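> turn this into a structure:
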Amino acid sequence: MTLTYINYSTDTVTCTANFYPNTGGALSVAFSQGTISSRTDTLQAGQSIHDQTIASVTATVGQVWAQTSCTGPIMAGLLYRLYQSGTPVGEASVNAEASPAFSSLPPGDLPGSTILVTP
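Numbers count the residues shown, from 1 in each chain. Coordinates of the predicted model:
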């Protein structure tokens, strides 16, 4: 999974993302700063973050969702890549856009947006 934030505003924005399995509760995700179920990122004006998980490509596949809350407008994206025997065979994503990419999903630039990606 790869998380992308783009702060296109002139203000500093802080975002908190919480990760969940489809079964409920918190989901620990292995990012470069550690295995966490919640992360907080502060983006200066014009800054972007592109952080890929470091999970095993042979780990069990499941449905994942994330809820992100930000103090200002951002563009947010989430990419999920499916591996079989260590080889990528498919992906699903919600692209970083300032307006909704899909009518069934809330815009990525609204505080409290939810990004849902299922394989």
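> and G25, how far from G86?
Relative to G86, G25 is positioned 28 Å away (Cβ to Cβ, to the nearest Å). Glycine gets a C-beta too; all of them are placed from N, C-alpha and C.
> kindly apply the preceding question to N22 instead.
24 Å.
> host element of D51?
Counting by DSSP states H and E, the element that carries D51 is strand 48-52.
> now the element after that strand, going C-ward?
Next helix or strand after strand 48-52 toward the C-terminus (DSSP H and E): strand 64-70.
> pull the CA atoms of that next one into CSV?
What follows is strand 64-70, C-alpha atoms only, in CSV (Å, rounded to 0.1, in the frame of the first residue of the first chain):
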residue,chain,number,x,y,z
VAL,A,64,-8.3,-2.5,4.0
TRP,A,65,-9.6,1.0,4.6
ALA,A,66,-8.2,4.2,5.9
GLN,A,67,-9.8,7.3,7.4
THR,A,68,-7.9,10.5,7.2
SER,A,69,-8.6,13.7,9.0
CYS,A,70,-6.7,16.9,8.1
